[in-house]
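S.K.: Turn this into a structure:
(one chain, ligands or ions: 1)
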Amino acid sequence: MSETIPFIDLRSTHEDFIDDYFEELKDLFHACDFIGASSKRAAAFEEKFAKYIGVKHALGVNSGTDALLLALDALGVTRGDEVILPAFGFIATADVIVRLGARPVFVDVQPETFNMEPSAVEAAITPRTKAIIPVHLFGQTCDMGAIMAIAERHHLPVIEDVAQACGATDAEGRRAGAIGTFGAFSFYPTKNIGAAGDAGIITTNDDALAEKIRRFRDHGRTPVGTFECIGYNSRLDTIQAMYLAHKLTDLDDSLLDRIENAKLYDSLLAEVDHSFEVRYGERRPRIERPAVPDDLRHTFNLYTIKAPDRDRLKAYLAHRGIQSAIYYPTPLHTTPALEFLGFKEGQFPVAEDCARRCLSLPVWPGLKRQQIQRVVQAIREFLENNIFA
Ligand SMILES: Cc1ncc(COP(=O)(O)O)c(C=O)c1O
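M.R.: Numbers count the residues shown, from 1 in each chain. Predicted coordinates for the structure are as follows:
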């Protein structure tokens with residue numbers, strides 16, 4: 001039996017710098033410069049990150065979830081407000097809205113990109129809408145040209161959820177996180193740039209909002225030590241900032257590896273199955289690969305295909321020693337925790353179809369060519385043995 005192909009190998013993401021990092025930690029433990037809000041080392045990382053994204057401010061926080069929560073709070077989102085977001089994605093994007101007493105308003109996604117459909121965003125706007133959250137799912141930016149035009153027309157702020165897409169660019173060459181009012185990033189270990197634990201960052205070009213976030217993340221503390229608003233404890237630990245500074249240096253190389261891996265999957269999978277079926281009223285390949293418009297950079301945090309009989313394919317891959325993952329088995333509007341919002345099955349058919357069919361294959365930067373060939377060979381066997389229902 002050949003070796004298991006892991007869904008992700010985190011060790012490979014730090015092996016080039018880990019010895020240097022351990023040396024730097026000795027220094028840190030002498031200096032005891034541990035907490036991000038006052039740490040010079042954390043500030044150095046924030047500056048480097050802001051430069052990379054191309055924004056004026058980058059403010060480290062505890063997690064990607066907090067990045068979204070503090071950004072919404074800084075915009076004044078509160079009880080009775082509505083916030084528009086895609087129906088397909090991770091629950092964090094929705095639960096922060098609920099935490100503030102506001103209402104998540106879901107819209108359907110595009111079948112090709114898994115990202116929110118701009119025309120649906122415009123149709124969902126009401127007088128209570130306070131913000132739009134485009135989620136750059138799986139590493140690919142949303143149609144930000146269209147979404148920003150809608151937001152400007154309706155004078156609405158935009159929080160980009162960049163948790164899965166650090167380093168991605170949109171069709172106009174703009175970095176994700178530099179386009180909207182805020183960018184909210186997660187450094188969860190499996191992300192494009194992952195910490196050694198929980199961490200996140202907020203980006204913005206707005207000086208006043210940056211100052212608000214700076215206070216929010218530190219209990220509302222002002223530079224003279226008084227407390228003028230109710231804030232949070234959401235500071236980036238220096239231990240994480242120093243680790244992330246190394247990851248940021250390596251980020252573009254690691255993204256190129258992800259993109260190369262995705263290209264190899266694309267070319268091999270194109271040869272595996274030539275059959276079609278009708279979905280969304282169109283003739284589509286049975287195994288649907290991620291679609292990437294030529295003019296944007298998909299960073300492939302996840303390489304997600306759509307396949308019929310997905311659960312049995314996943315089981316077959318596991319049987320062949322290949323790990324895969326389902327992001328996400330349930331769309332947000334039918335997730336039990338969000339049922340109270342009153343959305344119904346059938347309301348967002350593309351999101352529901354994605355949840356039924358999506359399967360993410362290993363795509364991490366250190367993955368070998370032969371491993372990708374093994375994954376595709378296993379998919380071919382599955383199809384040729386007619387395991388589909
Ligand atoms: C799209 C999306 N948004 C938000 C988050 C929340 O980030 P964190 O886990 O750092 O709180 C995640 C993390 O998985 C995510 O994938």
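
S.K.: From here on, just use CA atoms for contacts and neighbour counts.
M.R.: Noted.

S.K.: same question for the lengthiest helix in the chain, mean pLDDT?
M.R.: Counting residues, the longest helix found in the chain (DSSP state H) is helix 238-270. Average pLDDT, helix 238-270: 97.

S.K.: after that helix, next one along is what?
M.R.: strand 276-279 (DSSP states H and E).

S.K.: contacting residues for residue 151?
M.R.: 132, 157, 158 (CA atoms under 8 Å, 6 or more residues apart in numbering).

S.K.: Nearest the geometric middle of the protein, what residue?
M.R.: residue 164 (2.1 Å; CA atoms, centre = their mean).

S.K.: returning to that earlier point: same list, the contacts of residue 151, but as TSV with neighbour count, distance to residue 281 and pLDDT please.
M.R.: Shown next, in TSV, are these (neighbours: other CA atoms under 10 Å; distance: CA to CA, whole Å; pLDDT from 0 to 100):
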residue	neighbour count	distance to residue 281	pLDDT
132	26	29	98
157	19	34	98
158	26	32	98
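
S.K.: quick one: which of the residues you listed is nearest to residue 170?
M.R.: residue 158 (15.1 Å; CA to CA).

S.K.: The closest one contacts residue 180, correct?
M.R.: Yes: counting by CA atoms under 8 Å, residue 158 does reach residue 180; the two are 4.9 Å apart.

S.K.: how much space between the nearest residue to residue 292 once chain neighbours are set aside and residue 122?
M.R.: Spatial nearest neighbour of residue 292, chain neighbours left out: residue 298 (6.8 Å); criterion: CA to CA, 6 or more residues apart in numbering. Noted for residue 298: a distance of 25 Å to residue 122, by CA to CA, to the nearest Å.

S.K.: mind listing the helices for the stretch 101-250 of the chain?
M.R.: In the stretch 101-250 of the chain, the helices defined using DSSP state H, counting those that start in this stretch lie at 118-124, 144-153, 207-216, 238-270.

S.K.: What's the per-residue pLDDT of the closest residue to residue 160 other than its chain neighbours here?
M.R.: Leaving out its chain neighbours, the residue that sits closest to residue 160 by CA to CA, 6+ apart is residue 183, at 4.7 Å. Note for residue 183: predicted pLDDT of 98.

S.K.: Which strand residues bridge residue 183?
M.R.: residue 160, residue 203 (DSSP bridges).

S.K.: Relative to residue 295, how far out is it?
M.R.: 21 Å.

S.K.: higher neighbour count, the two?
M.R.: Just comparing residue 183 and residue 295: by other CA atoms under 10 Å the higher neighbour count belongs to residue 183, 28 against 11.

S.K.: how far away is that one from the ligand?
M.R.: For residue 183, the distance to the ligand (CA to the nearest ligand atom, to the nearest Å) stands at 11 Å.

S.K.: so what's that residue up against?
M.R.: 159, 160, 161, 162, 176, 177, 202, 203, 204.

S.K.: Close to the ligand: what parts of the chain are there?
M.R.: 63-65, 89-90, 92-93, 135, 161, 163-164, 186-188, 198-200 (CA under 6 Å from any ligand atom).

S.K.: Could you identify the buried members of the residues you listed?
M.R.: 63-65, 89-90, 93, 135, 161, 163-164, 186-188, 198-200 (16 or more other CA atoms under 10 Å).

S.K.: out of these, which are inside strands?
M.R.: When these are checked against strands (DSSP state E), the matches are 161, 186, 200.

S.K.: Chain neighbours aside, what residue packs nearest to the first one?
M.R.: The reference is to residue 161. residue 135 (4.6 Å).

S.K.: which ones are touching the one you found?
M.R.: 85, 86, 89, 115, 116, 141, 142, 160, 161, 162.

S.K.: among these, who's most crowded?
M.R.: residue 141 (33 neighbours).

S.K.: Next one, pLDDT for that residue please.
M.R.: At residue 141, pLDDT is 98.

S.K.: And for residue 37?
M.R.: In this model, residue 37 carries a pLDDT of 65.

S.K.: which regions of the stretch 201-350 of the chain sit below the pLDDT cut-off?
M.R.: Regions of the stretch 201-350 of the chain meeting the criterion pLDDT under 70 are absent.

S.K.: is it fair to say residue 360 lies in a strand?
M.R.: Yes: the assignment for residue 360, made by DSSP: H, G, I helix; E, B strand; the rest coil, places it in a strand.

S.K.: The residue of the chain most remote from its centre and residue 206, how far apart?
M.R.: Most distant from the centre of the chain: residue 224, at 36.1 Å, with distances by CA atoms, centre = their mean. To residue 206, residue 224 is 22 Å away according to CA to CA.

S.K.: from the stretch 251-389 of the chain, which residue is nearest to the ligand?
M.R.: residue 327 (9.2 Å; CA to the nearest ligand atom).

S.K.: Fine by me, thanks again.
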